[in-house]
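Peer 1: heads up, no residue letters with this:
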Ligand code: COA
């Protein structure tokens, strides 16, 4: 029998209806549409307005979209990996709740957190389960309700983030398609540059942490930008070299959507023409764990069996990396 590789065989997505435009943000903080577009490339983002719903709601909708489109029986799903930085609650696994609510009652599931690299690292985890031969259907969901941790008085962060979810199904492939190689890295020296200060075990929630507004995401934008540009570009260059891939042989770049300038710098290092660089940042902003599957969902119609796709991400921690994958199907 041929070696088992782990292929993406279906994609689903969900974004909430409410559109938070730059114009609306102008009424909330001291900013303007032109600054946001030129500095980030973002025009609008989606926000889950319902306070009674958490990240699981977004994840369930994305998973249901995939299940419907791919016409799979949720009972056949073996494992649900939930990539998220905004779990519904601490401790109780969001993946468990999602699995039950989509009818995947034969599956087990757990959450996987590596900030904006959660989905990229989740691809590696999902692929390892498939390649081992242990499981046949692994559902990887990337979902974040970033609006639940954004301070809408902080213009340095509130302009960037949005809510959304995407899901992919990993299955065994015997033609050599799917995940080919990965380069994944972390550097704990970076943790103070992009974080939520309190609410974890180091600084548990207290009256003081609430009064001091320490439960929202904060970042030192310039430092994050510098590390993101260098590391994402380095990772992509390395994975291309290691696999003897020329810029002509790369069909698509699927990058984390944090800032258009970071994506442009990465694409430029790879020497890729613009038409190969997939972006939807202008419509969704940075949805953290959902950026990569939302790109896959928006551009799935362009992909052909055998296409060479390079994924790249950078996030808090710091965490970053690149994955080389061969697309496994033509869209019907
Ligand atoms: N609107 C208008 N002006 C703003 C602003 C906003 N929303 N946010 C910051 N500014 C101002 C700053 O106060 C500063 O003014 P000053 O020169 O008078 O001090 C000026 O714009 C430049 O600020 P700076 O932070 O240096 O801008 P920047 O070019 O680095 O862009 C980010 C800011 C946040 C867009 C950019 O640093 C970035 O994208 N960083 C990476 C963030 C990221 O990717 N995070 C997630 C990682 S997964």
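Peer 2: Great, that's in hand. No experiment lies behind these values; they were computed from the predicted model shown. Numbering: from 1, shown residues only.
Peer 1: nearest to the ligand: which residue in this structure?
Peer 2: residue 221 (2.9 Å; Cβ to the nearest ligand atom). Placement of C-beta: from N, CA and C, glycine included.
Peer 1: list the contacts of that residue.
Peer 2: Neighbouring residues of residue 221 by Cβ atoms under 8 Å, 6 or more residues apart in numbering: residue 156.
Peer 1: pull up the per-residue confidence for it.
Peer 2: In this model, residue 221 is scored at 92, pLDDT.
Peer 1: cool, and the one 4 residues further on?
Peer 2: With respect to pLDDT, residue 225 has a value of 96.
Peer 1: do the same with the one 4 residues further on
Peer 2: Among the per-residue scores, residue 229 shows a pLDDT of 96.
Peer 1: repeat that for residue 332.
Peer 2: Taking residue 332 on its own, its pLDDT is 70.
Peer 1: please list all residues in contact with it.
Peer 2: The contact partners of residue 332, by Cβ under 8 Å, 6+ apart, come to none.
Peer 1: where do the strands sit along the stretch 151-300 of the chain?
Peer 2: 163-173, 178-186, 194-196, 217-219, 252-255 (DSSP state E, counting those that start in this stretch).
Peer 1: for the stretch 1-150 of the chain, give me the ranges with low pLDDT.
Peer 2: 1 (pLDDT under 70).
Peer 1: residue 201: neighbouring residues, count only.
Peer 2: 6 (other Cβ atoms under 10 Å).
Peer 1: residue 18: neighbour count?
Peer 2: Count around residue 18 with other Cβ under 10 Å applied: 14.
Peer 1: that one reaches residue 48, doesn't it?
Peer 2: Yes. Residue 18 is in contact with residue 48 according to Cβ atoms under 8 Å; the separation is 7.4 Å.
Peer 1: next up, the contacts around the nearest residue to residue 160 once chain neighbours are set aside.
Peer 2: Using Cβ to Cβ, 6 or more residues apart in numbering and skipping residues adjacent in sequence, the residue nearest residue 160 is residue 286, 5.0 Å away. Residue 286 makes contact with 42, 116, 146, 160-162, 256-259, according to Cβ under 8 Å, 6+ apart.
Peer 1: where does residue 286 land on pLDDT?
Peer 2: 98.
Peer 1: can you list the buried residues in stretch 113-133?
Peer 2: Neighbour-count burial for stretch 113-133, counted by 16 or more other Cβ atoms under 10 Å, picks out 113-123, 125-127, 129-131.
Peer 1: out of the residues you listed, which touch the ligand?
Peer 2: Contacts with the ligand within the buried residues of stretch 113-133, as defined by Cβ under 6 Å from any ligand atom: residue 116.
Peer 1: among the buried residues of stretch 113-133, which lie within helices?
Peer 2: Residues of those located in helices (DSSP state H): 118-123, 125-127, 129-131.
Peer 1: mind giving me the domain split of this structure?
Peer 2: 5-176, 179-326 (automatic domain parsing).
Peer 1: tell me the SS of residue 72?
Peer 2: Under DSSP: H, G, I helix; E, B strand; the rest coil, residue 72 falls in the coil class.
Peer 1: equivalent analysis for the one 10 residues further on, please.
Peer 2: Under the three-state scheme (three-state DSSP), residue 82 adopts strand.
Peer 1: surely it and residue 113 touch.
Peer 2: No. Assessed by Cβ under 8 Å, residue 82 is found out of contact with residue 113, at 9.3 Å.
Peer 1: picking that back up, what's the distance between the residue of the chain closest to the ligand and residue 34?
Peer 2: In this view, residue 221 and residue 34 are 18 Å apart by Cβ to Cβ, to the nearest Å.
Peer 1: could I get the contacting residues of the closest residue to residue 155 other than its chain neighbours?
Peer 2: Among residues not flanking residue 155 along the chain, residue 29 sits closest, at 4.0 Å (Cβ to Cβ, 6+ apart). Contacts for residue 29 were tallied using Cβ under 8 Å, 6+ apart; they are 152-155, 158-159.
Peer 1: deepest in the core, which of the strands of the stretch 151-300 of the chain is it.
Peer 2: Of all the strands of the stretch 151-300 of the chain, strand 163-173 has the most neighbours on average by mean count of other Cβ atoms under 10 Å, namely a mean of 28.
Peer 1: and that one, how far out from the chain middle?
Peer 2: Chain-centre distance of strand 163-173: 11 Å, with Cα atoms, centre = their mean, to the nearest Å.
Peer 1: ok, it: who's next to it in the sheet?
Peer 2: strand 5-14 (antiparallel), strand 138-145 (antiparallel) (DSSP bridges).
Peer 1: let me know the average pLDDT across it.
Peer 2: 98.
Peer 1: quick check: angle from that strand to helix 118-131?
Peer 2: Using axes from the mean of the first three to the mean of the last three Cα atoms, to 10 degrees, the inter-axis angle of strand 163-173 relative to helix 118-131 is 20 degrees.
Peer 1: interface residues of the stretch 51-200 of the chain facing the ligand?
Peer 2: 116, 155-156, 159, 194.
Peer 1: which two of those have the greatest separation?
Peer 2: 116 and 155 (19.8 Å; Cβ to Cβ).
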